[in-house]
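Novice: Structure, please.
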Amino acid sequence: MKAARFHAAKDIRVEEVSIPEMKDDSVKIEIEWCGLCGSDMHEYIAGPMVINEPTVTMGHEFSGTVTEIGEHVTSIKVGDRVVVEPFVACWKCEACRTGNYNVCENLQCFGLAGHQGGFAEFVVAPEDRVFKLPDTMSFEQGALVEPTAVVTHAVRNSQFRIGDTVAVFGAGPIGLLLVQTVKAAGASKIIVVEVSDTRRETALKLGATDIINPIEENPVQKIMSLTGNKGVDVAFEAAGVQPTFEAGLNSTKTKGELMIVSLWEKPVSYNPTVAVMQEKKISTSLGYRFIFPSVIELINNGMINEDIVITKKIHLDDITEEGFEAILNDRTQCKILVTPKRSNL
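Specialist: Numbers count the residues shown, from 1 in each chain. Below you'll find the predicted structure:
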C-alpha cells in the first residue's frame with residue numbers, strides 16, 4: 001500500500017509499504033480521510049521531536065471503514081465507519097493506574113511513535129482504540145474528532161467557567177476549534193490574537209467577539225482595553241512561540257490562567273514574578289483521555305463548523321507540496337485533509 005513516511009525534517013516520502021500485521025484483538029481500517037496536524041508540522045519543520053523511529057507512517061487524525069476484524073473482536077464489525085483514538089498507553093505506570101493515560105510514561109501514538117499512522121491506504125488498530133461514527137456524521141467530520149478532543153480536554157482541564165472571558169492566541173486549526181468550543185461552553189467574550197487576516201475573519205465567523213492583529217497593535221494593551229483593564233479569565237496559547245506565551249501570561253487577570261495547548265520547537269524564557277505577584281496559573285494540557293465518545297456526539301450535534309475549518313482536500317501523493325508546504329507558506333490554510341482515494345476528490 002501507499003503511505004507517507006517520515007525520514008527526516010523536510011523529508012516526507014510517499015512509498016510502497018506493507019500493511020501492518022493483523023492481530024486477534026485488532027481491526028483493519030481502509031482510510032477515507034486523515035487530517036494534517038500541527039504536531040505533524042512540527043515534525044516536518046524541526047523533527048524528529050516526538051517521532052522515535054527511523055521511519056514512521058505519519059497521520060493520527062483519521063477516519064475510515066473497517067474491512068477486517070481479528071478473531072477476538074466483538075464490538076466492531078466489517079463495514080463499520082470508525083475513527084481511531086491514536087494514544088496507546090501501557091496501563092501499568094503510575095499515570096495509567098491513576099486514570100491519566102494521556103501522560104503515560106510509555107505513551108505511544110499512531111503516526112508518531114510505536115504505531116503506523118493514517119497517511120496511508122490502511123491502518124490496523126486495537127479494538128479498544130476504535131470508535132464507531134454515527135451514520136449522520138461524514139468521514140470528513142470523523143477526521144476532526146481527534147483535534148476537537150484536544151481542545152475539549154484543554155477546556156475541561158482549565159479553570160474556565162460559564163460566563164468567563166477568554167483569549168485565544170493563534171487561530172490555526174486548534175485555535176479555531178477552541179473558539180467554537182468555548183463559545184459552546186458559554187464564554188462571554190472570546191478574543192482571538194492572530195497575524196493572518198483570513199484566519200482572524202474565520203475566527204469571527206466561528207464565534208470570536210473580538211480579533212487582534214498583533215503586528216498592528218499591542219495585544220496585551222488591547223485585551224486590557226476590551227476587559228475593563230482586568231484581563232481575561234483564561235488565555236489559551238495555541239501558537240507555541242515566545243511572543244504569544246508572554247502576551248498570554250500578561251493578558252490574564254489576577255488569579256487568571258494561561259493554558260498551554262501547543263507543542264513547542266524551542267524553549268521560552270519568562271519572569272516568574274509576573275505570575276507570582278498576581279497568583280496567575282500556567283497550566284498545560286496534552287491530548288485527551290476517556291473523551292472520544294462525547295466528542296463524537298458534540299460534532300454530530302453540530303458544535304463544529306467543519307466547512308469553515310477544512311480549507312483544502314488533497315490526495316496522498318501530493319502531501320508534501322499541497323499539504324506540508326502549503327500550510328508552511330500559506331497562512332490562509334487551516335485544516336488540510338488527505339485521502340488515499342482519488343474518488344474522494
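Novice: Check the gap between Met277 and Ser188 for me.
Specialist: Here the criterion is Cβ to Cβ, to the nearest Å. By it, Met277 lies 26 Å from Ser188. For glycine as for every other residue, the C-beta is placed from the backbone atoms N, C-alpha and C.
Novice: typo on my end, Val241
Specialist: Counting by Cβ to Cβ, the gap from Val241 to Ser188 is 27 Å.
Novice: Name the residue in the two with the higher neighbour count.
Specialist: Neighbour totals were compared for Val241 and Ser188, and Val241 leads with 15 against 12 (other Cβ atoms under 10 Å).
Novice: who touches that one in this structure?
Specialist: Val241 makes contact with 264, 266, according to Cβ atoms under 8 Å, 6 or more residues apart in numbering.
Novice: That one and Val268, how far apart?
Specialist: 8 Å.
Novice: pLDDT below threshold where in the stretch 1-150 of the chain?
Specialist: By pLDDT under 70, the stretch 1-150 of the chain has no low-scoring segment.
Novice: That one: helices as residue ranges?
Specialist: 38-46, 94-97, 139-142, 145-157 (DSSP state H, counting those that start in this stretch).
Novice: Would you mind finding the most buried of those?
Specialist: Highest mean neighbour count of those: helix 145-157, a mean of 24 (counted as mean count of other Cβ atoms under 10 Å).
Novice: one step back: between the helices of the stretch 1-150 of the chain, which one is nearest to Arg199?
Specialist: helix 38-46 (13.2 Å; Cβ to Cβ).
Novice: Kindly calculate the angle that the closest one makes with helix 145-157.
Specialist: If you take axes from the mean of the first three to the mean of the last three Cα atoms, to 10 degrees, helix 38-46 sits at 110 degrees to helix 145-157.
Novice: hmm, who's touching helix 38-46?
Specialist: So helix 38-46 is contacted by 6, 9-10, 12, 49-51, 58-60, 111-112, 172-174, 240, 262-263, 265, 324, 327-328 (Cβ under 8 Å, 6+ apart).
Novice: And the helices of the stretch 1-150 of the chain: which comes nearest Thr209?
Specialist: Comparing those by their distance to Thr209 (Cβ to Cβ), the top pick is helix 145-157, with 16.8 Å.
Novice: low pLDDT regions in the stretch 201-345 of the chain?
Specialist: For the stretch 201-345 of the chain, no range has pLDDT under 70.
Novice: I'd like to know how many residues surround Gly186.
Specialist: Using other Cβ under 10 Å, Gly186 is surrounded by 11 other residues.
Novice: Assign a three-state SS to it, would you?
Specialist: coil (DSSP: H, G, I helix; E, B strand; the rest coil).
Novice: Show me how this structure divides into domains.
Specialist: Structurally, the chain divides into domains by automatic domain parsing as follows: 2-148+288-344, 159-284.
Novice: Quote the end-to-end distance of the shortest one.
Specialist: This points to domain 159-284. 12 Å (Cα to Cα, to the nearest Å).
Novice: Likewise for the first one?
Specialist: Between the start and the finish of domain 2-148+288-344 there is a gap of 16 Å, counting by Cα to Cα.
Novice: Report whether the expected contact of Gly248 with Gly240 is present.
Specialist: No - using Cβ atoms under 8 Å, Gly248 is not in contact with Gly240, being 11.1 Å away.
Novice: higher neighbour count, these two?
Specialist: Gly248 (30 against 21).
Novice: Distance check, the residue positioned nearest the centre of the chain against Leu177.
Specialist: The chain has Pro147 as the residue nearest its centroid, 3.2 Å off, counting by Cα atoms, centre = their mean. Pro147 sits 6 Å away from Leu177, going by Cβ to Cβ.
Novice: cool, and Arg129?
Specialist: For Arg129 relative to Leu177 (Cβ to Cβ), the value is 21 Å.
Novice: These two: which has the busier surroundings?
Specialist: A direct count of neighbours by other Cβ under 10 Å for Arg129 and Leu177 places Leu177 higher, at 28 against 19.
Novice: Within the helices and strands, which one has Leu177?
Specialist: Secondary structure assignment for Leu177, by DSSP states H and E: helix 173-184.
Novice: Just the angle for that helix relative to helix 38-46, thanks.
Specialist: When the same axes, to 10 degrees is applied, the directions of helix 173-184 and helix 38-46 differ by 160 degrees.
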